[in-house]
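Enquirer: Need coordinates for the following:
(3 chains)
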Amino acid sequence: MISVTNLSKKIGDVQALNQLSFSAQDGKITGLLGPNGAGKTTCLRTLFGLLTPDEGHTEVDGINVAEQPVAAKQQLGLFPDPFGLYERLTPREYIQYFAELSGMSRKDAKKATQDVIEQLHLNDISERRCKGFSQGQRMKTALAQAIVHQPTNIILDEPTRGLDVMSTRLLRDILLDLKARGHCVLFSSHVMQEVAALCDHVIVMANGQVVATGSPEELCQQTGETSLEEAFIKLIGTDEGIAA
Amino acid sequence: MNKLIAMVRKELIDAARDKRSVMAGLYYAIGTPLLMCGMFMVLIGQLTSPEDLNITIQKAQNAPDLVRYLGNKGINAVDPDSAEKGPDIKDIDIKDITLIISDDYAENMAKAKPAEVILQADNSNEKLQKSIQRLKRELQAYNAEMGSLRLIARGVNPQVMQSIKVNVQDQATPDSRGGMILGIAIFTMIYSVFISGMNLAIDTSAGERERNSLALMLSHPISTRQLVLGKVIAVTTFALLGLILILLISKVAYAFVPWQELGFSINISTDFMALMFAIGIPVALLASTLQLFVSFMAKTFKEAQSYLTMVLFVPLALSMAASYNIAPDALQWLPVSGQQQALMDFIKGKDIPMMQLAVSSAATIIISIALMLGLEKMLKSEKVVFGL
Amino acid sequence: MVNRKLVSKALTMQRRKPTVYSTRWAMILCVLLSPFGNINASLASDTNTISAEKTTVINSQAKTSPCYLDGMAEQLQCGQITVAENPAKPDGTQIDIHFAILPAIKNTHPNEALLAIAGGPGQSAVEHAAGFDRLLSKVRQQRDILLIDQRGTGQSNILNCEDSSVTSTLAFDDESIDMIAETQKCLDQTTADITQYGSETALTDFEAVRTYLGYNKLHLYGVSYGTRMAQLYMRHYPEALATVTIDGVVPMQQSVLAIGSAIERGFQLLIRDCENNTACQQQFPELLADFTKVNERLAKSPVTEKVKDPLTNEPSTFLLTRSKFVGAVRMALYTPAVRALLPHAIHQAANEDYQAILGIYALSADGVGLAMGMHASVVCGEDIHRITEQMRKDAKESYVSANMIDGLEQTCEVWKMPPVDDDFSQPINSDLPTLLLSGELDPATPPNWAALAKKQMTNAKHLISPFATHGVAAQTCANDLIADLVNSNSVKDIDASCLEKDIRRSFYLNANTVEPQLAQAAPSTDDDAASQNATGTDKE
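Expert: All right, here's what the predicted structure looks like:
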C-alpha cells in the first residue's frame, strides 16, 4: 500500500506538488492520470525519496520514506521512464544486478532472475546485450527488473509510452497478473485508454493537485460524461469543473 | 556488503565491455612505455657518436700523423671526391663535420708556432654535438701529447703543465644517472593511474546519469554511501589494473633500450614494481574520487571530459615538477609529488624519505575521503541526481 | 634527507696515503712493465699519475663498499678479503687482499666478471683502474670489471723498498750502485715472508676473491707479466674461466729474462722504421751510427751536464751513464708517441745535446710504479734459475739485459726464493677460448713469445698488430676484439682486420714537429698524393 499525504514541492519557481494526497491499495491497479507537467513524475520521485518534499510525507506499507528510505524502498519496484538500461549488459545480468541491489543474495537473485525471465518470455534475448533492443524488448527487461524481487508495490512511470499493440497488451496482462497476486500497482499515464482498460482506481492530477479520484465509471458519473476522456478534459479543463 | 560486491562487479563488467574505457586505459598503459622506449632508442642512436665517426678532412696530406692519430681513435677521414666515385662508400654515414688542415700546418709546426686546423660544423645540430665534442676532445688530446713531447725534447718533464690535479668524485650512483629518464618513466606510471580510470569514472557518473540509470539505482534500497563506495572501488580497481599493466610493459620494454650507451642503466626491478604498486593505491584512490567528484558536478559526459582535463592538470603538474629537480622542497610533502619523489629516491638507490612519503600518502587518503564524503552529500541532492 | 647527509659525510672520511714506490734502482731491474703507469701516464696532461686515493665506508655486512679511485669520477665498489700469508699455515700471519669492482653499466651477466691483471711484476691493478676502464669500456657495458691488487702490490701488503738516501736521481751513478747492499736494506725493512709472494700463491688469492664475490665465471685479461698469472689461472682453475685474453705474452716455457733479445729486436725495428721513412731517413741518415757513437762515448766515461731539473727547474747536475742512456731508450720503445721522439733524441745526443734524453730519462726516473720487493719475489723464484746459456749469450749483445741479469742475480742472492718446480715451465694445455695479442714493435714480449705460449692451446687465436708496441689492447682496436671474445665466448668470429689500420706515429724531425714540409719531402708527391699521405709518408 502506498499513501501520500499533503505533499508539497517547489522546483525552481514552479509549485510542482501542492498539498497532494492519495493512496493506492494492495490488490488494485491505481492510475495516476494527468496532463504533461501535472506533477506525476515529481510525485513518484518523491515516493522513492529521490526528491525531498517541502511539506507532507509519503508512506510505503506504513513505512515513512523520509525516515527509513532503505526499508521503504525494499518494498518498492520501479519501472522507470526512461528505462535506464545498461546497454553493455545482458537482460539476465541487468535483472540480477538490480535483484541484488534490492537486497537478495546472489543465489536467490539468480533464481529470481531465471523465474522472471521465464515469466516474461525473455528467454530468447536474455543473453544478448541490451544495445539494439526494440522498445518492446526494453520494456520487458525494465519490467522484469521492477518485479524480480517481488515487491509488494510496483510503480510504473508512463509504462506504455512508445509501445506497440502487442507489447501494450503484454504489459497489460502482466499488470493484471500482478494485481491478481495481490500487489499494489501504481502507474502514471496520460493515455486515457490504458487507464480506462486497467485501472480499478484513478487519481486525476493537475497542477500538482488531485482534482478527482475514483473508478473510471465513478469519474464518468461525476462529470456526467460517457467516456473517460471527456470526463478527464472536463476535470482538468476549467476551474469550474474542479469546483463542481 | 553483498550490494557493494554486486555493484563493483557490475561496474567492472560494464567497463570491461566498454571499448572506449578499456582502450583509453590500454592504449596508454601499453603505448606509453613502448613509445618512450622507441623514442629513446632513436634518440640514443642519434645522440651517441657512432663507433666509427666518418668526417671530411680537407688537405689531409698536410698532417698525416694527425689523420692517423684520429683514425686510431675511430675518427676516419673520408675523402669528399672519392665518395662520389665508389658506390659502396656512399652507404657510409658521413657526418657533416669538416676538418680543414691549413697549408702552412707543417711549416708552423716545425717552428713550434701554432699550426692551424679549422673545424667546420653546425654546433646547434643536436645530432652532431657528441661527435663534434669527440673530435674536439681527440684534437685536444693530440695537442696535449705533442706539447708533452716538445717539452720532453727540451728536457722538461711534461708534468709541469699539470699544476693542479682535479679528481672528481661524483656522488651519483649508476641508477641516479638515469634519474631524469626515470623521473619521466615514473611520471608516466603515475599518470597511468589517472588515465586508466578516467573514462570509467565519467561513464559511471555523468554517463550513468545521462542514461537515466542513476535515478533507477538510487530508487533501490541502497545508501548513497554504498553507491559512492561501489563506484570508487570500481574506478580505483581499473586505475590499478592500468598501473599493473604499465609496470609489466615497462619492465619488458625498458630492458630493450640500450641505455648503457648513455652510460647508465634503467632497470624496472620487481622491488620497484611492488613499491610503485603499493604507493599507487592511495594515488589511485585520489584519482578515482577526484574524477568521480568532478564528473558528477558536470551536467553531461562531454562537460565532464573537459572539466577533468582541466582538473587533472593539478596532479600532473605536481608529478611533473617533482620529476625534474626544479621543485621546491614543499612538494615532498604534497600528494602525488611526494610519492613521486619517494619513488625517484628509491630508484636512485637513496633512502626513501619515509616521513614525507607517510605525510603525502596520508594527505592523499584524507583528500580522497573528503571527496567521498562530498560525493555522498552530492548524491543526496536532487540537483545532482537529475542534473537540474 | 638526514640519511643522505650522513652517507656523504662518511664517504669523505678515511683517505689513504698514496703508495710510495722505490725509485732509484727500479729502472735497471724492472723486467716487463705494462702499458699503464710508466711513461704513458705523464704524456697527456689530463691523465693522472699513479697514486691511488681510495675512500671507503666501513660496512661490515656488504662485501664491498663505495669508493673512489684515482682518475675516475664515478663511485666504484672496493673491498678486501683476509687470507693467510702462507697458505700452508692458515693460522699464521694474515694479510688483506684488496680489490675493486668497476660495476657493469647494464649488468646482463651478474655471474660473470672480467678480471684484469696488471703487469710488472709489481704493478697495482686497482691503481690503474682508470686505464683499465678506458681499455675495457665495451666489456664493462654488460659485465663487471674486477681488479685485484696482487699480494705484495698496491694496497695488498705491498712489498716495496723505500729509498734511504736522498741523492737526486739525476746526479746519482747507477752503475756504481751496490745491488746487494740495497737489496739487503730493502729486505731489512720488511717483516713479510718474502717467499710467499710468488705467482702461484697469489693465484690462490685471485680464486678466493672470485668465490668470495660469487662470480661463476671469469673472463681474464692479462697484460705483460699479467699474462703469466692468466696462464697459471688457465692451468689451475680452468673451470672458473670463460675466456682468456693475454696481451704481450710471456710464455710459461721461458724465463722473462730472455727479454734481452727482445729489447735488441725492438731497437733494430726502430732503426729499420726510421730508415724506411723518407722524412726520418733524410733527417737522421746515420741513426745507428749516432747511437753507437753515444754508447761508445758513455762507455768511456759518463757525461756530466749542468741542467735545470726537468720538474722543478732548479739548477742540477745530470750524470748520464751508458746504463741511464740505454735504459731511457729502452723505456721510450714501450710507448709509440715517445718512441717517435727517439731518432731526434739519439741524433741530438750524438751531437752532445742531451736535453731530449734528459727529458725521456726524467719520465721514468720518478719510478715506474713497481713494488720492487714483490717484483724480486717473482723473478727470483720463477725466472732467475731458468737463465739459459743462449740467454747469457744474447745478453752479451744487449747492454741493457746484461746489466739487468747481473743486477738481478745479485738481488736474488739476498732475496732468497725457492725456485719453482720444473712443471711450472710446462706449456699451457687448454681448450678455453683464448686470444693472444702481440705487437710487432714490442721491445719486451715479441710475437714469437706468444706463438710459443700458444703451442698447446687448442682453441686459441694469435693476433699480431703490425704497429703496436707492448700492450696491444691499449694502442689499437684490440680492446674491441676483447669485447667481441667476451660476448661470443669464441675466438672463431673475431675479425682482426681493424688491426691492419695504419696507426703509425710519424717520427719527430726536430724538437717540434712530426709533419714533414711537403716541399722538402720530395719523392712521393705525385698523382695519388692524398691517399698515399693518408697512410703515411713512409715507403716500404
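
Enquirer: dump the residue contacts of the residue sitting nearest the centre point of chain A.
Expert: Nearest to the geometric centre of chain A sits A:L156, at 2.1 Å (C-alpha atoms, centre = their mean). By C-beta atoms under 8 Å, 6 or more residues apart in numbering or on different chains, A:L156 lies in contact with A:78-79, A:143, A:146, A:175, A:185-188. Backbone N, C-alpha and C define where each C-beta goes, glycine included.

Enquirer: Give me the pLDDT value at it.
Expert: At A:L156, the predicted lDDT confidence score is 89.

Enquirer: What's the first helix or strand after the helix or strand hosting it?
Expert: A:L156 belongs to strand A:153-157 when assigned by DSSP states H and E. Downstream of strand A:153-157, the first helix or strand assigned by DSSP H and E is helix A:165-180.

Enquirer: And the nearest residue to B:L218 once chain neighbours are set aside, its phi and psi?
Expert: Once flanking residues are discounted, B:L218 sits nearest to A:L50: 5.7 Å by C-beta to C-beta, 6 or more residues apart in numbering or on different chains. Torsion angles at A:L50 (phi, psi; degrees, to the nearest 10) stand at phi -80, psi -30.

Enquirer: which residues does B:L149 contact?
Expert: So B:L149 contacts B:158, C:43, C:337-338, C:340-341, C:508 (C-beta under 8 Å, 6+ apart).

Enquirer: Looking at those, which gets the smallest pLDDT?
Expert: C:L43 (43).

Enquirer: so what's the residue in the stretch 251-400 of chain C positioned nearest to chain A scoring on pLDDT?
Expert: Closest to chain A within the stretch 251-400 of chain C is C:P336: 76.3 Å, counting by C-beta to the nearest C-beta. Confidence at C:P336, expressed as pLDDT, is 87.

Enquirer: if we can go back for a sec, what's the ChimeraX line that selects buried ones from the contacts of A:L156?
Expert: Of the contacts of A:L156, the buried ones go into a single ChimeraX selection, burial set by 16 or more other C-beta atoms under 10 Å in any protein chain shown:
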select /A:78,79,143,146,175,185,186,187,188
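
Enquirer: Would you convert the contacts of A:L156 into a markdown table that also reports distance to C:G471, secondary structure and pLDDT?
Expert: Listed next are the contacts of A:L156 as a markdown table, based on distance: C-beta to C-beta, whole Å; DSSP: H, G, I helix; E, B strand; the rest coil; pLDDT from 0 to 100:
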| residue | distance to C:G471 | secondary structure | pLDDT |
| --- | --- | --- | --- |
| A:L78 | 90 | strand | 88 |
| A:F79 | 92 | strand | 88 |
| A:L143 | 92 | helix | 88 |
| A:A146 | 91 | helix | 89 |
| A:L175 | 101 | helix | 87 |
| A:V185 | 101 | strand | 91 |
| A:L186 | 101 | strand | 90 |
| A:F187 | 100 | strand | 86 |
| A:S188 | 99 | strand | 87 |
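
Enquirer: out of the contacts of A:L156, who's nearest chain C?
Expert: Distance to chain C, by C-beta to the nearest C-beta, is smallest for A:L78 among those, at 58.6 Å.

Enquirer: On the C-terminal side of the longest helix along chain C, identify the next helix or strand.
Expert: The residue-count maximum for a helix in chain C (DSSP state H) belongs to helix C:259-276. Later in the chain than helix C:259-276, the nearest helix or strand by DSSP H and E is helix C:278-283.

Enquirer: Look up the closest residue to C:N160, ignoring the ones flanking it.
Expert: The shortest distance from C:N160 to any non-neighbouring residue, by C-beta to C-beta, 6+ apart, is to C:A371 (4.8 Å).

Enquirer: can you pull the contacts of the one you found?
Expert: Counting by C-beta under 8 Å, 6+ apart, the residues that C:A371 touches are C:21, C:120, C:122-124, C:152-154, C:158-160.

Enquirer: Confirm that B:I100 lies within a strand, as I assumed.
Expert: Yes. Under DSSP: H, G, I helix; E, B strand; the rest coil, B:I100 sits within a strand.

Enquirer: so what strands line up beside the strand holding A:L156?
Expert: strand A:76-79 (parallel), strand A:184-189 (parallel) (DSSP bridges).
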